[in-house]
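Novice: Take a look and give me a structure for this.
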Amino acid sequence: MSLISLITDFGEGSIYAAQSKLWLYANLPDVKLVEISHTIDPSDVHNGAYAFELLLSHHTESTIHIIAIDFDERVHHQEILIAKHQNQYIITYNSGFLPLLGIDCLNSEIWMAKTYSGNHFLSIVECFGHLAKDILNKNLNNYSKLDHQKLRLLNAQKPTFADNLLRGKIIFVDSREYAYTNIHQTDFDEFKGSKDFNILLGRHVKINHINQSTELMAGGKTYCFFNSAGYLTIGVYRDSTKKMYNLQKDSIILIEKE
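Specialist: Below you'll find the predicted structure:
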């Protein structure tokens, strides 16, 4: 059975989310649909790319991902891109999402589809739904390959190094109020070298070790670990990083070398 995932900024309970599901169920009845999130911050492709990267390795080959972020019915995107990446397919607007994933767009299989027919703009359901159907039916030859000059580019939000400080930020906080940062393990290792370190979580709170697993700890215990995509994540067992450290989206995280 084929799998389609949905990540959008439609909002929970949105009519557009409902329309998308109804279209997919009606037109692709043999496909299993997984709704990952409809609550990506509006038009925040950085946030959406980060969430998608966390989940990419958990999907099977040939999964089709519909990434409808940067949606606004008052503004029509001219193109939608279809990219083959790690033997999976990504359908998304030409809004900078693909470069944020680190995809080598010059050497990857990427097709471009128009969001209009004649002078008529297609609905969000028509655009993404028909493209998913064409992927399943192996009809991508009907689409032109990406003109790389038309690709919109965005730079990923990378941590910065200054003196003995590594400065990162919280990309999002999940339902358990675990805080996910943009500090990748490779950035951390390059910064730290062989020296000791402290993760600064408050005026008087410093964490000087990385947990290798997320085994249960005593209530209120703070632990830092690298998640499945390799990014530093901060959690408090049976408590909240927001309540204890006021960590929320866009909060700054500092790591110092001793």
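Novice: And what about residue 229, helix, strand or coil?
Specialist: coil (DSSP: H, G, I helix; E, B strand; the rest coil).
Novice: which residues touch it?
Specialist: Residues in contact with residue 229 (Cβ atoms under 8 Å, 6 or more residues apart in numbering) are 53, 54, 56, 57. In short, each C-beta sits where N, CA and C put it, glycine included.
Novice: out of these, which is most surrounded?
Specialist: Of all the contacts of residue 229, residue 54 has the most neighbours under the rule other Cβ atoms under 10 Å, reaching 20 neighbours.
Novice: State the distance from the residue nearest to that residue when sequence neighbours are not counted to residue 206.
Specialist: With sequence-adjacent residues excluded and distances taken as Cβ to Cβ, 6 or more residues apart in numbering, residue 54 is closest to residue 229, at 4.7 Å. Counting by Cβ to Cβ, to the nearest Å, the separation of residue 229 from residue 206 is 25 Å.
Novice: what does residue 147 give?
Specialist: From residue 147 over to residue 206 (counting by Cβ to Cβ), the distance is 50 Å.
Novice: cool, residue 96 as well?
Specialist: From residue 96 to residue 206 the distance is 36 Å (Cβ to Cβ).
Novice: Excluding chain neighbours, give the residue nearest to residue 240 in space.
Specialist: The nearest residue in space to residue 240 (Cβ to Cβ, 6+ apart) is residue 177, at 4.0 Å.
Novice: got it, and residue 233?
Specialist: Using Cβ to Cβ, 6+ apart, the nearest residue to residue 233 is residue 227, at 4.7 Å.
Novice: ok so the residue nearest to residue 240 is a strand residue?
Specialist: No - the assignment for residue 177, made by three-state DSSP, is coil rather than a strand.
Novice: ok, how many other residues are close to it?
Specialist: Considering only other Cβ under 10 Å, residue 177 is surrounded by 17 other residues.
Novice: what's the answer for the one 10 residues further on, then?
Specialist: When neighbours are defined as other Cβ under 10 Å, residue 187 has 21 of them.
Novice: okay, it: pLDDT?
Specialist: Looking at residue 187, its pLDDT stands at 93.
Novice: ok, and for the helix or strand encompassing residue 244, which residues are buried?
Specialist: Element membership for residue 244 (DSSP states H and E) is helix 241-245. In terms of neighbour count (16 or more other Cβ atoms under 10 Å), helix 241-245 has its buried residues at 241, 242, 244, 245.
Novice: now for the longest strand seen in the chain, which elements pack on it?
Specialist: Looking across the chain with DSSP state E, the single longest strand is strand 165-173. Taking 3 or more Cβ pairs under 8 Å, 6 or more residues apart in numbering; DSSP states H and E as contact, the helices and strands that strand 165-173 lies on are helix 45-56, strand 160-162, strand 179-184, helix 185-192, strand 252-257.
Novice: Same list (the ones you listed) but as CSV, adding distance to residue 127.
Specialist: As requested, those are exported to CSV (distance: least, Cβ to Cβ, whole Å):
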stretch, distance to residue 127
helix 45-56, 17
strand 160-162, 37
strand 179-184, 30
helix 185-192, 36
strand 252-257, 37
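Novice: Noted, bye for now.
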